[in-house]
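> okay, here's the prediction I keep looking at, along with the sequence it came from:
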Amino acid sequence: MPYKKLEEYNMQVTDDVKDRYKHIIEDLGEDTQREGLLKTPERAAKAMQFLTQGYDQDPVEILKGAMFKESYNEMVIVKDIELYSLCEHHILPFFGKAHIAYIPNGHIVGLSKLPRIVDVFARRLQVQERLTKQILDCINDTLNPQGVAVVIEASHMCMMMRGVQKQNSVTTTSGFRGQFEKSETRNEFLKLIGK
Ligand SMILES: Nc1nc2c(ncn2[C@@H]2O[C@H](COP(=O)(O)OP(=O)(O)OP(=O)(O)O)[C@@H](O)[C@H]2O)c(=O)[nH]1
Ligand SMILES: [Zn+2]
């Protein structure tokens, strides 16, 4: 499921979250009756359901849906996959790029499925480290490749708009399994993604 269509929003959840947003907006000192804000609690409720839709999706099913028997034994890299997630500490966005590589072990996977599972895990309340590990483990356990590597580079709005207010800091996290635990293979991957 690529994105949540309007009719797929759970109306009960939308109503509950909408009521809470109305109170939050009032507590923050705004007037929920002014024209521009009348529909805001409902819009925000739907936006948050969209941004957390990963809880309802099954990444293993997504990968298994496009696994093909193939005797290709070289590294497959999909780099510069844009990602948008929410930091679980402040519920503010963090965003950047994921780079994924794997070395097949009898099966390849449909290329689009790698960005899809990035979205499944990103569209939750997250920390960057866990996001990285969940993507890594999911590919490793489902595809059982000879090796898998995940690098994520992200900027955190909680460090930009507030808090330490550092506009240019980028956080890099990575994880390596199998063949990528060998420095030679890992270095080849890092070179190919320009690191
Ligand atoms: N490790 C990790 N930390 C994160 C991530 N996103 C946000 N944080 C950090 O979570 C921490 C929460 O720290 P607290 O001291 O409880 O919160 P705070 O008082 O709002 O902290 P400041 O952001 O320093 O103002 C902060 O240091 C954030 O930078 C993430 O993905 N991974
Ligand atoms: Zn944060």
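Now that the structure is in, tell me what you want to look at. Ligands and ions are numbered 1, 2, ... in the order given.

> which parts of the protein sit against ligand 1?
The chain has residues 87, 89, 127-129, 156, 158-159, 163-164 near ligand 1, with proximity defined as CB under 6 Å from any ligand atom. The way it works is simple: take the backbone N, C-alpha and C, and place the C-beta from them, glycine included.

> among the residues you listed, who's most crowded?
Neighbour counts for the residues of the chain next to ligand 1, by other CB atoms under 10 Å, peak at residue 156, which reaches 24 neighbours.

> surely it meets residue 96?
No - Residue 156 lies out of contact with residue 96 (CB atoms under 8 Å); the separation is 9.1 Å.

> buried set for stretch 54-73?
Using 16 or more other CB atoms under 10 Å as the burial criterion, the residues of stretch 54-73 that qualify are 54, 57, 59, 62-63, 67.

> most widely separated two among those residues?
54 and 67 (20.8 Å; CB to CB).

> measure whichever residue of the chain sits closest to ligand 1 to residue 85 for me?
Relative to ligand 1, the nearest point of the chain is residue 163 (3.2 Å; CB to the nearest ligand atom). From residue 163 across to residue 85, the span is 17 Å (CB to CB, to the nearest Å).

> ok, of the buried residues of stretch 54-73, which one's closest to ligand 2?
residue 54 (17.7 Å; CB to the ion).

> pretty sure the closest one contacts residue 117?
No - using CB under 8 Å, residue 54 makes no contact with residue 117, being 9.4 Å away.

> now the strands for the chain?
67-69, 76-87, 93-103, 107-109, 125-126, 147-156, 171-178 (DSSP state E).

> identify the residue spatially nearest to the residue positioned nearest the centre of the chain, adjacent ones excluded.
Closest residue to the average C-alpha location of the chain: residue 122 at 1.9 Å, with CA atoms, centre = their mean. Take residue 122 and drop its neighbours on the chain: the residue closest to it by CB to CB, 6 or more residues apart in numbering is residue 85, 4.0 Å away.

> can you check residue 21 too?
residue 41 (3.9 Å).

> related to what we said a few turns ago, let me see the contact set for the residue nearest to the centre of the chain.
When contacts are counted by CB atoms under 8 Å, 6 or more residues apart in numbering, residue 122 is found next to 54, 83-85, 131.

> which residues touch the residue of the chain found nearest ligand 2?
In the chain, no residue comes nearer to ligand 2 than residue 158, which is 2.8 Å away by CB to the ion. Neighbouring residues of residue 158 by CB under 8 Å, 6+ apart: 87, 89-90, 92, 94.

> just the pLDDT for it.
pLDDT recorded at residue 158 is 98.

> same question for the one 5 residues further on.
Here, the pLDDT recorded for residue 163 equals 98.

> do the same with the one 4 residues further on
Note on residue 167: pLDDT of 97.

> the closest residue to residue 88 other than its chain neighbours bridge partners, please.
Setting aside the residues directly before and after it, residue 88 is nearest to residue 125 in space (CB to CB, 6+ apart), at 3.8 Å. Note on residue 125: beta-bridge partners by DSSP bridges are residue 86.
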